[in-house]
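*Asks:* Take a look and give me a structure for this.
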Amino acid sequence: MPLGRRPKPNTNEDEKTIEISAQMQGSLCFKDPVNLKINGNFNGTLEMKGTLTIGSSAFVEAAHITGDNIIIAGKVRGDIIAQKMLVLMPTSVLTGNISTPKLNIVEGAIFQGQCQMMEDLLNPEEVAKYLEIDLPYIINLANEGKIPAVRKGEGWSFERSKIDTWAASGKVS
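*Replies:* Residues are numbered from 1 along each chain as shown. As a prediction, the model looks like this:
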């Protein structure tokens with residue numbers, strides 16, 4: 001290593017952080033996981049993978065907002081789909097419908113709309129990792145009907161709660 005150069009600290013190259021403190025409008029779409037924090041005003045649509053944080057001073061108006069994990073501390077008007085979890089902080093004001101498998105509404109938060117609790121769905125790779133079993137074995141179990149699964153096109157989908165029950169029953173070998 002050349003003199004004067006230090007090794008970079010261990011960082012996760014996959015996690016990118018973007019912070020927006022300005023007024024924006026339009027569509028934001030992130031195909032790769034990102035940590036997005038909005039502190040200003042945003043009007044449009046948001047589609048992303050990763051974590052979306054809407055700061056306490058932010059106002060977001062969107063036809064729809066989609067993300068893995070969504071944390072709201074500011075004001076939001078629009079429908080939300082949180083693939084993993086939605087958290088409404090005490091300063092949040094949300095007007096819109098939400099769909100999420102996990103919801104945390106902290107005392108003080110204001111929510112007006114309807115809520116649908118989605119099932120926490122896993123793909124075969126996630127189930128293999130979750131159960132620490134080889135992927136081909138998981139596919140074989142699904143094809144033979146020996147693990148709770150639902151066929152989705154050419155692949156399989158698994159509800160986490162049913163996988164937990166199945167694994168706890170001792171059927172995993």
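*Asks:* Going by C-alpha atoms from here, please, whenever you check contacts or count neighbours.
*Replies:* Will do.
*Asks:* so where do the helices sit in the chain?
*Replies:* In the chain, the helices defined using DSSP state H lie at 124-131, 135-143, 160-168.
*Asks:* can those go into TSV with extra columns for distance to residue 42, mean pLDDT and mean neighbour count?
*Replies:* Output for these, formatted as TSV (distance: least, Cα to Cα, whole Å; pLDDT from 0 to 100; neighbours: other Cα atoms under 10 Å):
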stretch	distance to residue 42	mean pLDDT	mean neighbour count
helix 124-131	33	91	16
helix 135-143	41	94	15
helix 160-168	34	88	14
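*Asks:* could you redo those as TSV and give each row distance to residue 104?
*Replies:* Converted to TSV, the helices of the chain look like this (distance: least, Cα to Cα, whole Å):
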stretch	distance to residue 104
helix 124-131	23
helix 135-143	32
helix 160-168	18
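*Asks:* which stretches of the protein have low pLDDT?
*Replies:* Low-confidence segments of the chain, defined by pLDDT under 70, span residues 1-15, 173.
*Asks:* per-domain residue ranges of it.
*Replies:* 16-117, 121-168 (automatic domain parsing).
*Asks:* Packed most tightly, which of those domains would that be?
*Replies:* domain 16-117 (a mean of 18; mean count of other Cα atoms under 10 Å).
*Asks:* what distance separates the start and the end of that domain?
*Replies:* Length of domain 16-117, first residue to last, Cα to Cα, to the nearest Å: 28 Å.
*Asks:* Distance from that domain to the middle of the chain?
*Replies:* On the basis of Cα atoms, centre = their mean, to the nearest Å, domain 16-117 sits 11 Å off its chain's mean C-alpha point.
*Asks:* again with stretch 144-159
*Replies:* 21 Å.
*Asks:* Apart from its neighbours in sequence, what residue is nearest the most centrally placed residue in the chain?
*Replies:* Nearest to the geometric centre of the chain sits residue 68, at 1.3 Å (Cα atoms, centre = their mean). Excluding its sequence neighbours, the residue lying closest to residue 68 (Cα to Cα, 6 or more residues apart in numbering) is residue 83, at 4.5 Å.
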